[in-house]
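sharing a model prediction with you, sequence too.
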Amino acid sequence: MTQLPTEFPDFGLTPEQRREAVRGHYYEWPGMDGSSGEIWCYSDRFSYRPRETVTLHVSSTAPQFSIAIIRDGATETQVFEKTGLSARWQDTPDQCSVEGCGWEASFEFRIGDDWPSGAYRITLSADGRDGMPIHSHHLFIVAPLPGRKPGRLLQVAATGTWLAYNTWGGSNHYQGITGPKRDQYATMVSTQRPWCRGFVVLPEDAPRVPLEVAVPPKTVPRYPHMEWAFATGHSKKYASSGWASYDSHFFRFAERAGYAVDLASQTELHFSPEILDGYDCVVFVGHDEYWTWEMRDAVDTYVTRGGHAARFAGNFMWQTRLEDQGRRQVCYKYKARAEDPAYRGGDVRRATNSWEAPEIGRPGSATFGLNATQGVYAGWGGCAPRGVRGFPVYRPEHWAFAGTGIYYGDLLGADSHVYGYEVDGLDFEIRGGLPYPTAQSGAPDGLQVLAVGMASQVEESADIPIEDQFLTDEDGRFTAETLFGEASDANLDKVKRGNGMIVNFPRGKGEVFHAGSCEWVAGLLRQDAMVERVTKNVLDRYLGKS
Ligand SMILES: [Fe+2]
């Protein structure tokens, strides 16, 4: 195991800039690059099927631009390029993150019959005002045509989470410029805007959220990913979500390992659930936090009928609703009970609150076996910064660990740091040295706990002043109120100690495997042999290969 440094990386920021990098609200907006000029692009949808038409909406300070499109898989394959396209600067409404940019269409093209399903990166290039080249990136998904797909995997990209974290235009489900003081997060976000910088493509040295630092005692937490974002002009949320930080690592691994893998967005999961029916195995990865009721119905029905769901992802937290044919995502989150119309004469089960809110009656565990409110932070801030970096394994004899050489008490994926930065868990107890879900946990019948690590809902340290805390106890207080009706100290104490698990359970004729950590993909990115082996064991079994 390589020795971790004991100091945080330095990206050349002053202490004030470092504070701004973490506490500030900075985002992409039209005009931000001033005299250099800009080119921005979004497409009318997240995903298309072969032979469908893609409409690009472009706003550029240059009158002409070119595009190149590559398929971003195990290898990069160029499928299209065109130069001499016309563009103009288009007006953008102040609340574009919420309402959409409303730009006129600039260019259309058809998805070729021979474009395999996957993620396609568009690079747009033009001349800046100062003669230097300007670029931007966009991404769209080619989803598969319907039909039986024996031996193929379907990966569903966490596009609801990408949308929730997209900083472009100033507002997302975390921070924003909505409300009278322009300081509120947006409860509605539009797909009709570009992706923020770092969601589509990233340099290899971009830090991930979990700390690669052996933190000395009493150290005030720092956030290398946000410092790097601030220093290099990337989105504040580049490491929290997006194709580049998460979904791409599974997709490339799977193709490299010889799997035939198709890609869909959560839009298909919501509007065309039959897309799952052709597959023996459907995969969800990365930071996968925002789902609709309909998406869960799709997975539950698929598994009950005999499908296999493999989730290598964390933070199954919020119910969303889609509006305007999927172009708008609604999630009131912390304000749901006060503001979501679902609480005022609507169907309260569809409230855009935590899945574990009792009025919704559909804890996340009912679909994937684990709950976000029983999990959450590990490996960053003041939340287990020196905690386990891999999953502590309790049932090494389980089929998922065959051939890994792992033993009881070993850590799975510690070298590649797969455990963090948000994890999903269950209330559990240890009997005879083995973990079991408690009767109140909400675990589905027959669920086996294979691995458990600790996590924290609350950043707490007697050594760190409150003004130096970023995560604080806000999320813990919210969970306490959501589950128990009041954000009291007593209720906070009930929820603040979380965990992250690997679990496996049958449902109907099918089965679910769930490694509940956002960072599982880090093991695939860093080619951790043990993590790759477990991943293959799950995929091979679910594809009927073993
Ligand atoms: Fe999250």
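Cool, the structure landed.

what residues does the protein have near the ion?
289, 315, 422 (Cβ under 5 Å from the ion). All C-beta spots, glycine's among them, are computed from the backbone N, C-alpha and C.

for those, give me CSV that also has neighbour count.
Conversion of the residues of the chain next to the ion to CSV gives the following (neighbours: other Cβ atoms under 10 Å):
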residue, neighbour count
289, 24
315, 26
422, 30
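
and residue 462, what's its pLDDT?
Looking at residue 462, its pLDDT is 67.

revised request: answer the last question for residue 3.
At residue 3, pLDDT is 86.

columns pLDDT and secondary structure on top of the residues of the chain next to the ion, output as TSV?
Formatted as TSV, these follow (pLDDT from 0 to 100; DSSP: H, G, I helix; E, B strand; the rest coil):
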residue	pLDDT	secondary structure
289	98	coil
315	98	coil
422	98	strand
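
what's the burial count for residue 539?
The local packing of residue 539 (other Cβ atoms under 10 Å) involves 22 other residues.

sec struct for it, please.
helix (DSSP: H, G, I helix; E, B strand; the rest coil).

isn't it right up against residue 253?
No. Look at residue 539 against residue 253 with Cβ atoms under 8 Å: they stay out of range, at 10.1 Å.

quickly list what the residue lying closest to residue 369 once chain neighbours are set aside is bridged to.
Once flanking residues are discounted, residue 369 sits nearest to residue 503: 4.5 Å by Cβ to Cβ, 6 or more residues apart in numbering. Beta-bridge partners recorded for residue 503 (DSSP bridges): residue 449, residue 514.

gap between residue 503 and residue 281?
Computed as Cβ to Cβ, to the nearest Å, the residue 503 to residue 281 distance reads 17 Å.

with residue 164 instead?
Residue 164 is 26 Å from residue 281, where distance means Cβ to Cβ.

would you map the helices across the stretch 401-546 of the chain?
474-484, 489-495, 520-525, 529-542 (DSSP state H, counting those that start in this stretch).

could you look up the SS state of residue 222?
For residue 222, the assignment made with three-state DSSP gives coil.

nearest spatial neighbour of it, chain-adjacent residues omitted?
The shortest distance from residue 222 to any non-neighbouring residue, by Cβ to Cβ, 6+ apart, is to residue 8 (4.6 Å).

give me the element the one you found is part of.
Residue 8 is part of no helix or strand when elements are defined by DSSP states H and E.

equivalent analysis for the one 4 residues further on, please.
Following DSSP H and E, one finds residue 12 outside all helices and strands.

tell me how many other residues crowd it.
Other residues lying near residue 12 total 7 when counted by other Cβ under 10 Å.

what's near enough to touch the nearest residue to it once chain neighbours are set aside?
Nearest non-adjacent residue to residue 12, counting by Cβ to Cβ, 6+ apart: residue 231, 6.1 Å away. Shown in contact with residue 231 (Cβ atoms under 8 Å, 6 or more residues apart in numbering): 11-13, 17, 21.

residue 183 too?
The neighbourhood of residue 183, defined by Cβ under 8 Å, 6+ apart, consists of 25, 176-177.

most neighbours among those, which one?
residue 176 (23 neighbours).

quickly find the element holding the residue of the stretch 51-200 of the chain found nearest the ion.
Closest contact between the stretch 51-200 of the chain and the ion, by Cβ to the ion, is at residue 161 (7.3 Å). Following DSSP H and E, one finds residue 161 within helix 159-165.

so which elements touch that helix?
On a contact count with 3 or more Cβ pairs under 8 Å, 6 or more residues apart in numbering; DSSP states H and E, helix 159-165 meets helix 266-271, strand 290-292, strand 318-323, strand 328-330.

note down every partner strand of the last one and its orientation.
Meaning strand 328-330. strand 188-190 (antiparallel), strand 318-323 (antiparallel).

hang on, residue 186 packs against residue 168?
No. Assessed by Cβ under 8 Å, residue 186 is found out of contact with residue 168, at 11.8 Å.

any shared contact partners between these two?
With Cβ under 8 Å, 6+ apart, residue 186 and residue 168 have common neighbours residue 97.

find the nearest non-adjacent residue to the residue most central in space within the chain, please.
Central residue of the chain (Cα atoms, centre = their mean): residue 287, 2.6 Å from the mean position. Sequence neighbours aside, residue 518 is the residue nearest to residue 287 in space, at 4.4 Å (criterion: Cβ to Cβ, 6+ apart).

where does the protein have low pLDDT?
Counting by pLDDT under 70, the chain has low-confidence residues at 1-2, 462.

quickly note the distance from residue 283 to residue 530.
With Cβ to Cβ as the criterion, residue 283 and residue 530 are 19 Å apart.

what's the answer for residue 444, then?
Between residue 444 and residue 530 the distance is 27 Å, computed by Cβ to Cβ.

settle it for me: which of the two has more neighbours?
More crowded of residue 444 and residue 530, by other Cβ under 10 Å: residue 530, with 23 against 17.
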